[in-house]
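> sharing a sequence plus its predicted fold:
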Amino acid sequence: MMKRLIIKSILVLLVAVLAGCAATGNSRTANQNVSADTKAAEINMQLGLNYMQRGDYQSALDKLQRSLEQDPTLPSAHNTIAVLYQRLGEKDKAEHHFEEAVRRAPDYSEAQNNYGVFLCQQKHYKEAEQRFLEAIKNPLYQNADQALENAGICVGLIPDATLAEQYFRKALQINPTLSKSLFQMAELSFLNIEYDKATAYLERYQAVSQWTPQALLLAIKLASKAGDQDAVASYGLILRARFPDSDEALQVARGQY
């Protein structure tokens, strides 16, 4: 049950990928000399990232390959081309470059997080968890909340609801408005028959996020448990109006809630 509920939230892992590429992650100290080739490699890496963000994958690949020709040791180039290969479905190449990125710069949190995303998608859940934990070891990492949220989603697919809840709580301690964590805590509370807590988490989720089919279904379930048939009908109308083709709308139409 836990795995079925949480699996749709795997999309949050994808959201973190390009955000994690934005930093260069070179891990070079200020007193190290930077060669002309390294500077050119960093420029081509950034151009490759820009092309990838626009959806021009061929141009992105050309620039990133050129970047690695100019400096095969550049962690950010390995991280970015790994994400690109991941998007292109070339898993072996993606894994190779993720490994290179984190081997050359173990404190490169964006690469650790992105590698965790990749491993989670390959169903290597415990390995992915370790990458997310490596990401948050760096006290300067600004997206620790997302890495913790990713860890929660990933271990939830094992499934390990208890550990997932721990990660979601830690993520929310850093960022109380983290929508995916709020929703997952609402669902976990519902599964634990803690309906008041589930309602409170769902209300916090509603304050920071738009309705989704999954959230509306949970709202219907909570209203039904509370015996509030007016609310059940109201949420049902929203679900049918906004998401008429969703599995959740079909489930509610069948009275399966």
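Structure's in. What do you need?
> show me where the stretch 51-200 of the chain has helices.
Secondary structure of the stretch 51-200 of the chain (DSSP state H, counting those that start in this stretch): helices at 57-70, 75-87, 91-104, 109-121, 125-135, 144-156, 161-174, 179-191, 195-208.
> list the buried ones in the first one?
Spelled out, it's helix 57-70. Buried residues in helix 57-70, counted by 16 or more other CB atoms under 10 Å: Ala60, Leu61, Lys63, Leu64, Arg66, Ser67, Leu68, Gln70. C-beta: built from backbone N, CA, C; applies to glycine.
> output that helix as PDB, nothing but the C-alphas.
Output of helix 57-70 as PDB, limited to C-alpha atoms (Å, rounded to 0.1, in the frame of the first residue of the first chain):
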ATOM      1  CA  TYR A  57      20.000  17.700 -26.700                       C
ATOM      2  CA  GLN A  58      22.300  17.200 -29.700                       C
ATOM      3  CA  SER A  59      23.900  20.700 -29.200                       C
ATOM      4  CA  ALA A  60      24.100  20.000 -25.500                       C
ATOM      5  CA  LEU A  61      25.900  16.700 -26.100                       C
ATOM      6  CA  ASP A  62      28.300  18.300 -28.500                       C
ATOM      7  CA  LYS A  63      29.300  21.000 -26.000                       C
ATOM      8  CA  LEU A  64      29.600  18.700 -23.100                       C
ATOM      9  CA  GLN A  65      31.700  16.200 -25.000                       C
ATOM     10  CA  ARG A  66      33.900  19.100 -26.100                       C
ATOM     11  CA  SER A  67      34.100  20.200 -22.400                       C
ATOM     12  CA  LEU A  68      35.400  16.800 -21.300                       C
ATOM     13  CA  GLU A  69      37.900  16.800 -24.200                       C
ATOM     14  CA  GLN A  70      39.300  20.100 -22.900                       C
END
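> quick one: average pLDDT of that helix?
Averaged over helix 57-70, pLDDT sits at 98.
> show me what that helix is packed against.
helix 36-54, helix 75-87 (3 or more CB pairs under 8 Å, 6 or more residues apart in numbering; DSSP states H and E).
> now the ones you listed in a markdown table, with mean pLDDT and mean neighbour count?
A markdown table is the format used below for the helices and strands packed on helix 57-70 (pLDDT from 0 to 100; neighbours: other CB atoms under 10 Å):
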| stretch | mean pLDDT | mean neighbour count |
| --- | --- | --- |
| helix 36-54 | 95 | 18 |
| helix 75-87 | 98 | 27 |
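> any chance of CSV for these, columns distance to Ala101?
Rendered in CSV, the data for those read as follows (distance: least, CB to CB, whole Å):
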stretch, distance to Ala101
helix 36-54, 11
helix 75-87, 4
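> ok, back up a step: and which of the buried residues of helix 57-70 is nearest to Asp245?
Closest to Asp245 out of the buried residues of helix 57-70 is Ala60 (33.2 Å), distances taken as CB to CB.
> out of the helices and strands packed on helix 57-70, which is closest to Arg254?
helix 75-87 (36.5 Å).
> assign a three-state SS to Gln256, would you?
coil (DSSP: H, G, I helix; E, B strand; the rest coil).
> how many neighbouring residues does it have?
9 (other CB atoms under 10 Å).
> where does the stretch 51-200 of the chain dip in pLDDT?
Along the stretch 51-200 of the chain, no part satisfies pLDDT under 70.
> three-state assignment of Ile220?
Ile220 is classified as helix under three-state DSSP.
> show me what contacts the closest residue to it other than its chain neighbours?
In space, Ile220 comes closest to Tyr235 once its chain neighbours are excluded; the distance is 4.7 Å by CB to CB, 6 or more residues apart in numbering. Residues near Tyr235 by CB atoms under 8 Å, 6 or more residues apart in numbering: Leu216, Ala219, Ile220, Ala223.
> Ala77 now?
Here Ala77 is in contact with Ala41, Asn44, Met45, Gly48, Leu64, Ser67, Leu68, Asp71 (CB under 8 Å, 6+ apart).
> would you confirm that the second one contacts Arg66?
Yes - the pair Asn44 and Arg66 passes the contact test of CB atoms under 8 Å, sitting 4.9 Å apart.
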